[in-house]
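S.K.: Sharing a sequence plus its predicted fold:
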Amino acid sequence: MSRHLYKYLREEVFPTPFCPGCGHGILLQAILRAIDELSTSGHLDFTKMVFVSGIGCGAWIPSPHFKADTLHTLHGRAIAYATGVCLTRPDLKVVVISGDGDLAAIGGNHLIHAARRNLPLVVICANNSIYGMTGGQVSPTTPEGCLTETTPFGNEERPFDLCRLVKSCEADYVSRWTVFHTKPLIKAIVKALTSKGFSFIDVISPCVTQFGRRNRLFSIYDYFQEIKKVVISYEKAKVMGKGDLKGKIIIGEYD
Amino acid sequence: MPERIEKALLSPQRYFLAGNIACAEGALAAGCRFYAGYPITPSSEIMEHMAKRLKEVGGFFIQMEDEIGSISACIGASWSGVKAMTATSGPGFSLMLEGIGYALMTETPIVIVNIQRQGPATGQATRPGQGDIMQARWGAHGDYRIIALSPWSVQEMYDLTILAFNLSERYRVPVILLGDEVIGHLKETLLVKPEVVIFDRNKEKGKPPFGGELIPPMPAFGEGEALLVTGSTHNEWGVRKVYHPEVQDRLNRRLCEKIDKNRGEIIRFETYFTEDCDICLIAFGITARSSYYAVDSLRKEGIKVGLFRPITIWPFPEEELKKIPARKILVCEMNCGQLINEVQRILPGKEILGLFKTKGEAIYPWEVMKKIEEIL
Ligand code: SF4
């Protein structure tokens, strides 16, 4: 990690708990880069930010890494806790960072209602399509056919498209990127941090340990190759048929 | 000093209103400025009243998507430096228990009102019950101490709500107000005094917020303290230490000790004709009202009956109960027998009987009197 970002980190909690090759480290850095950009230009004050997370590997991105006010809550409830913070303290910038299991399974109800209310929240989903911390069980974003500890014969359920779900609640800003698209990802986080209403960013982040190991993606490089194959921009996807889009990851801003 | 005298919000006079409204007004008087809730009978009037009144006093109100969201939002608001409350009934209370556990572990002051009805499950949604006292004490997982108060009148719905906030702020613990449907919907006189004693949380810059002393200071978000708040085992600065047995032990012990060591200041109870009684009734909430009436009537007939009324159900006034000289004890409660177990534990060797009613209606005074005449 770039030295100039160290000021945002609690160095005393190092080493980080993330596995080698985990995408969450890249996401962590992308968030800090966006914050740094806005702080240096005077648009954001790090001491006036509150980071709320639930349970899981994704929730560990802000807590305990960030040297800011952090609220590490119950599984699935991060957005509900954040609701209490952002309603009572409109002077603070409240950012929720958690995983797909936390935000979309157990926390799905809070996600759609916060989006419907268009609360001034930034929600970043560290989406690795699996339950990493509990040992690799299926999540609501696991693609069909993928192997997990609880889908030993391949996932038979359809996954959520979280961006389409949140967009349908008329949230202010919705976009999806992968951790391999760092530049646009940072831009997206900057945009989310400066928009007024509910912002949601779905970030595809590789979990080498739990998802990769079971699905023949043994390294971050294999992941990168796989993602290169299936990723497609929102604009291109617009003109494509439903059948062609099967298995694709649509990245970009949702309008 | 964190304790201060504040002018009452309502003009000091007599009012005639329902217990649930008195509870909401008590909360506002105590400084509550955030309410998150989900509708459930028989507690909804508290939320409806708060929706209107919080706007008037510059507070925040939100009807959440469920009870789990409600308690979560309250905890978030509390860490933002605002006094927060939610109200519910049995099924909603069950949903909130994980959140109550989180508030215990993170030492977050919040007030949870449970206007009890008959359960289990949906039970009798519009009928009174007193079956949640053990759930209030033991419902959340893990080991802890909690404070639960039981009002027996509209006046106490007001006074004890204020007390609930003060205890919650002073000891940094979630406090439960255990009412019941009768008290919630009962209309009677409420006397609002001109002044309210208010306890505000202790804030000290740079001090560890989760240890160092029995009740550590509690800063809020946005005050430059870079707070680490987590429901996981943590050290005095909030850093997760889940593999450190001694950190867990120290934290867990302190969570219990801060209540245990302050029992004397927390415990509240009332006695009526207990100095010379042969039979002592033990009752709380609306049941204590019927028992009180029964004692009055029987005393006129020369029967030596007394009443012991715990106001703090948790911690239970144990030592005080042991001092009652009665030969026999009669525990009256609107459930199949819960508090009686606690009384049996406190008074081994005494003859302890129970009067239980689970019909979804209050225990009437004549039922208490009949039972006493039977066991005399
Ligand atoms: S289990 Fe997966 S998501 Fe969790 S830290 Fe390891 S690689 Fe990252």
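M.R.: Structure's in. What do you need? Note that the structure is predicted; figures quoted are calculated from it, not measured.
S.K.: neighbours around residue 196, how many?
M.R.: You didn't say which chain, so I picked chain A. 9 (other Cβ atoms under 10 Å in any protein chain shown). Just so you know, the C-beta spots here come from the backbone N, C-alpha and C atoms, and that holds for glycine as well.
S.K.: oops, chain B please
M.R.: Look at residue B:196: counted by other Cβ under 10 Å, it has 21 neighbours.
S.K.: isn't there a strand covering it?
M.R.: Yes - counting by DSSP: H, G, I helix; E, B strand; the rest coil, residue B:196 is located in a strand.
S.K.: which residue packs closest to whichever residue of the stretch 1-150 of chain B sits closest to the ligand, ignoring adjacent ones?
M.R.: Going by Cβ to the nearest ligand atom, the ligand is nearest to residue B:102 of the stretch 1-150 of chain B, at 22.6 Å. With Cβ to Cβ, 6 or more residues apart in numbering or on different chains as the measure, residue B:231 is the residue that lies nearest to residue B:102, at 4.5 Å, once sequence neighbours are left out.
S.K.: What does the one you found show for phi and psi?
M.R.: Listed backbone geometry of residue B:231 is phi -80, psi -10, with angles given as degrees, to the nearest 10.
S.K.: Run through who's touching stretch B:254-269.
M.R.: Under the criterion Cβ atoms under 8 Å, 6 or more residues apart in numbering or on different chains, residues B:104-105, B:107, B:143-147, B:149, B:163, B:167, B:171-173, B:211, B:214-215, B:308-312, B:315, B:317, B:320-321 lie in contact with stretch B:254-269.
S.K.: Near chain A, which residues of the stretch 101-250 of chain B are found?
M.R.: Of all the residues in the stretch 101-250 of chain B, those in contact range of chain A (Cβ under 8 Å from any Cβ of the partner chain) are B:102, B:221-222, B:224-232, B:238-240.
S.K.: Tell me how many other residues crowd residue A:3.
M.R.: 6.
S.K.: Then residue B:91?
M.R.: Each residue near residue B:91 was counted by other Cβ under 10 Å, and the total is 17.
S.K.: So which other helices or strands are in contact with the helix or strand hosting it?
M.R.: Assigning secondary structure by DSSP states H and E places residue B:91 in helix B:90-106. Helices and strands touching helix B:90-106, as assessed by 3 or more Cβ pairs under 8 Å, 6 or more residues apart in numbering or on different chains; DSSP states H and E, comprise helix B:67-79, strand B:83-88, strand B:111-118, helix B:133-138.
S.K.: Can I get the ones you listed in a markdown table including mean neighbour count, distance to residue B:184 and mean pLDDT?
M.R.: Compiled in a markdown table, these are given as follows (neighbours: other Cβ atoms under 10 Å in any protein chain shown; distance: least, Cβ to Cβ, whole Å; pLDDT from 0 to 100):
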| stretch | mean neighbour count | distance to residue B:184 | mean pLDDT |
| --- | --- | --- | --- |
| helix B:67-79 | 31 | 17 | 98 |
| strand B:83-88 | 29 | 9 | 98 |
| strand B:111-118 | 29 | 4 | 98 |
| helix B:133-138 | 19 | 16 | 98 |
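S.K.: Now do the contacts for the closest residue to chain A within the stretch 51-200 of chain B.
M.R.: For the stretch 51-200 of chain B, the nearest residue to chain A under the criterion Cβ to the nearest Cβ is residue B:76, separated by 2.8 Å. If you count contacts by Cβ under 8 Å, 6+ apart, residue B:76 has them with A:52, A:71, A:80-85, A:88.
S.K.: One more: residue A:86?
M.R.: A:92, A:94, A:119-121.
S.K.: How about residue B:14?
M.R.: Contact partners of residue B:14, counting by Cβ under 8 Å, 6+ apart, are B:189-192.
S.K.: Mind jotting down where the helices sit in the chain?
M.R.: You didn't pick a chain, so chain A it is. For chain A, the helices defined by DSSP state H cover A:24-40, A:78-88, A:100, A:108-117, A:162-167, A:182-194, A:213-214, A:220-230, A:234-238.
S.K.: wrong one, I was asking about chain B
M.R.: Per DSSP H, chain B carries helices over the ranges B:19-30, B:44-56, B:67-79, B:90-106, B:133-138, B:154-171, B:181-185, B:245-260, B:263-266, B:285-300, B:318-322, B:339-346, B:365-375.
S.K.: one step back: for my notes, please list the helices of chain A in JSON lines and give distance to residue B:57 and mean pLDDT for each entry.
M.R.: Listed next are the helices of chain A as JSON lines, based on distance: least, Cβ to Cβ, whole Å; pLDDT from 0 to 100:
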{"stretch": "helix A:24-40", "distance to residue B:57": "35", "mean pLDDT": "98"}
{"stretch": "helix A:78-88", "distance to residue B:57": "14", "mean pLDDT": "98"}
{"stretch": "helix A:100", "distance to residue B:57": "40", "mean pLDDT": "98"}
{"stretch": "helix A:108-117", "distance to residue B:57": "22", "mean pLDDT": "98"}
{"stretch": "helix A:162-167", "distance to residue B:57": "34", "mean pLDDT": "98"}
{"stretch": "helix A:182-194", "distance to residue B:57": "32", "mean pLDDT": "98"}
{"stretch": "helix A:213-214", "distance to residue B:57": "55", "mean pLDDT": "95"}
{"stretch": "helix A:220-230", "distance to residue B:57": "53", "mean pLDDT": "95"}
{"stretch": "helix A:234-238", "distance to residue B:57": "46", "mean pLDDT": "95"}
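S.K.: Spatially, what comes nearest to residue 200 if we skip its sequence neighbours?
M.R.: Unless you meant another one, I'm taking chain A. Across the structure, with Cβ to Cβ, 6+ apart as the measure, the residue nearest residue A:200 apart from its sequence neighbours is residue A:166 (4.4 Å).
S.K.: actually it's chain B I care about, not the one you picked
M.R.: residue B:2 (4.8 Å).
S.K.: Spatially, what comes nearest to the residue of the stretch 151-255 of chain A found nearest chain B if we skip its sequence neighbours?
M.R.: Evaluated by Cβ to the nearest Cβ, the stretch 151-255 of chain A has residue A:169 as its residue closest to chain B, separated by 12.1 Å. Excluding the flanking residues, the one nearest residue A:169 by Cβ to Cβ, 6+ apart is residue A:115, at 3.7 Å.
S.K.: Pull the number of nearby residues for that neighbour.
M.R.: There are 25 residues near residue A:115, going by other Cβ under 10 Å.
S.K.: for residue B:218, same thing?
M.R.: Applying other Cβ under 10 Å, I find that residue B:218 has 23 neighbouring residues.
S.K.: Contact partners for it?
M.R.: Under the criterion of Cβ under 8 Å, 6+ apart, the contact partners of residue B:218 comprise B:107, B:109, B:172, B:201-203, B:209.
S.K.: Please apply the same query to residue B:183.
M.R.: Remark: with contacts taken as Cβ under 8 Å, 6+ apart, residue B:183 is in contact with B:19, B:115, B:151-154, B:156-157, B:285-286.
S.K.: CSV for the residues you listed, including distance to residue A:42?
M.R.: CSV is the format used below for the contacts of residue B:183 (distance: Cβ to Cβ, whole Å):
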residue, distance to residue A:42
B:19, 52
B:115, 50
B:151, 52
B:152, 58
B:153, 57
B:154, 54
B:156, 53
B:157, 50
B:285, 57
B:286, 60
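S.K.: about what we covered before: mind checking which of the residues of the stretch 101-250 of chain B next to chain A are buried?
M.R.: In those, burial by neighbour count holds for B:102, B:221-222, B:225-232, B:238-240, counting by 16 or more other Cβ atoms under 10 Å in any protein chain shown.
S.K.: Output the residues you listed in a markdown table, with pLDDT appended to each entry.
M.R.: Rendered in a markdown table, the data for these read as follows (pLDDT from 0 to 100):
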| residue | pLDDT |
| --- | --- |
| B:102 | 98 |
| B:221 | 98 |
| B:222 | 97 |
| B:225 | 95 |
| B:226 | 96 |
| B:227 | 97 |
| B:228 | 97 |
| B:229 | 98 |
| B:230 | 98 |
| B:231 | 98 |
| B:232 | 97 |
| B:238 | 96 |
| B:239 | 95 |
| B:240 | 94 |
